[in-house]
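In: Make a model of this:
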Amino acid sequence: MPPASTLVPASSRSMISCSSRTWSSCRIPTPRIRPNLDDSRSSSDTLTFVTRQPDPAPNPPEASVGGLRERNKAKRREAIVDSALALLRQHELHEVSIERVAAGAEVSPATVYNLVGGREQLLIACVDRVLDRLVDELVSLGPDTDPLERARLIVDRSAEAFIADRDAYRQILGVVGGVTRSGSRLAIDPAQLQVAAMRDAQQRKVLRSDVDPAAVGRQVYLSYNGAMFAWAGGALSDDGFRIAVRHGLVSALAAFATDRHRRRFLDELIELGDQLTAAGWGAA
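Out: Numbers count the residues shown, from 1 in each chain. Next up, the predicted model:
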């Protein structure tokens, strides 16, 4: 695997759409090393990386000024998200205004609108933070990691991130549910993380060759969403959320696994089903 400095995205991240009636401008994601998550590719594609030659060095003084400006913007964006989460841990959503978020981040309200956006865009940025950190962790594993390890990490780590900040994220997910269901306005479409893992699993003959790995990955994501919104609404406990997202993943694996692997997924599914019932899911 080449040095991190030479890794670049195989495809650009989708940008969040904006409405000028609601906010001034989109949040501009800070460039990061990212896996190829384009599900329009053939089933042979997996979580991949490409390399390139370094770009010619720009004029040093201009590069220094421009780089410092972007770093300062990134720091302020992070401070704005930090402020929003801190307020939501202590207050109801309707009590959290852009002005209060700005005060906590030590910036002006105009800066919040310019760097992140209005209230909905700010809440989306909070979800994006979880996804950004999740993708960073996936990249750190490397492209040769067992795809099932990646698939389990996706559901486990994201659930833990929401649970660790439950007071804030239960409110956030309740408001931006429609956005996170489709993934269309998040900086990263979360379903693509599982799609990439399922493609790799098919290449390694864990999934049958006659199934569409993109459809399997999206089904895992839909199952995850069901558990996440049940948790956000109080229908699932923290433990129930953890078990339910794993149950959704293993259900898809058991349904589409090759003969060699199906039995172990079925055994795990039975065990998870018992744990989910014990956690109160499905109880009358």
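In: where are the low-confidence patches of the stretch 151-284 of the chain?
Out: For the stretch 151-284 of the chain, applying pLDDT under 70 flags the ranges 178-185, 282-284.
In: Quickly find the element holding the nearest residue to residue 265 once chain neighbours are set aside.
Out: In this structure, residue 265 finds its nearest non-sequential neighbour in residue 254, 3.8 Å apart by Cβ to Cβ, 6 or more residues apart in numbering. (C-beta placed from N, C-alpha, C; glycine too.) Residue 254 is part of helix 238-256 when elements are defined by DSSP states H and E.
In: Tell me which other helices or strands that helix touches.
Out: Applying 3 or more Cβ pairs under 8 Å, 6 or more residues apart in numbering; DSSP states H and E, one finds that helix 238-256 contacts helix 147-164, helix 213-232, helix 259-278.
In: Quick check: which of those helices is buried the most?
Out: Stretch with highest mean neighbour count among these: helix 213-232 (a mean of 21; mean count of other Cβ atoms under 10 Å).
In: and the residue nearest to residue 120 when sequence neighbours are not counted, what does it touch?
Out: Leaving aside its chain neighbours, residue 120 sits nearest to residue 176 (6.6 Å; criterion: Cβ to Cβ, 6+ apart). Taking Cβ atoms under 8 Å, 6 or more residues apart in numbering as the contact definition, residue 176 lies against 120, 123, 124, 127.
In: and the helix or strand the third one falls within, what's its mean pLDDT?
Out: In this structure, residue 124 sits in helix 119-141 according to DSSP H and E. The average of the pLDDT scores along helix 119-141 is 91.
In: Run the angle between that helix and helix 147-164 for me.
Out: Orientation check (axes from the mean of the first three to the mean of the last three Cα atoms, to 10 degrees): helix 119-141 against helix 147-164 gives 140 degrees.
In: ok, and for helix 119-141, which residues are buried?
Out: Within helix 119-141, the residues that count as buried by 16 or more other Cβ atoms under 10 Å are 119, 121-132, 134-135, 138-139.
In: Can I get it in PDB, CA atoms only?
Out: Extracted in PDB, the C-alpha atoms of helix 119-141 (Å, rounded to 0.1, in the frame of the first residue of the first chain):
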ATOM      1  CA  ARG A 119     -30.200  24.200  11.200                       C
ATOM      2  CA  GLU A 120     -30.900  21.200   9.100                       C
ATOM      3  CA  GLN A 121     -27.500  21.400   7.400                       C
ATOM      4  CA  LEU A 122     -25.900  21.700  10.800                       C
ATOM      5  CA  LEU A 123     -27.600  18.600  12.000                       C
ATOM      6  CA  ILE A 124     -26.500  16.800   8.900                       C
ATOM      7  CA  ALA A 125     -22.900  17.900   9.600                       C
ATOM      8  CA  CYS A 126     -23.200  16.100  13.000                       C
ATOM      9  CA  VAL A 127     -24.100  12.900  11.200                       C
ATOM     10  CA  ASP A 128     -21.400  13.500   8.600                       C
ATOM     11  CA  ARG A 129     -18.800  13.600  11.400                       C
ATOM     12  CA  VAL A 130     -19.700  10.000  12.400                       C
ATOM     13  CA  LEU A 131     -19.400   8.900   8.800                       C
ATOM     14  CA  ASP A 132     -16.100  10.700   8.300                       C
ATOM     15  CA  ARG A 133     -14.600   9.000  11.300                       C
ATOM     16  CA  LEU A 134     -16.000   5.700  10.200                       C
ATOM     17  CA  VAL A 135     -14.500   5.900   6.700                       C
ATOM     18  CA  ASP A 136     -11.100   7.000   8.200                       C
ATOM     19  CA  GLU A 137     -11.200   3.800  10.300                       C
ATOM     20  CA  LEU A 138     -12.000   1.700   7.300                       C
ATOM     21  CA  VAL A 139      -9.200   3.200   5.300                       C
ATOM     22  CA  SER A 140      -6.800   2.600   8.100                       C
ATOM     23  CA  LEU A 141      -7.600  -1.100   7.900                       C
END
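In: Which neighbouring elements make contact with that helix?
Out: The elements that helix 119-141 packs onto, with contact taken as 3+ Cβ pairs under 8 Å, 6+ apart, are helix 60-90, helix 98-105, helix 147-164, helix 166-175, helix 177-182, helix 191-203.
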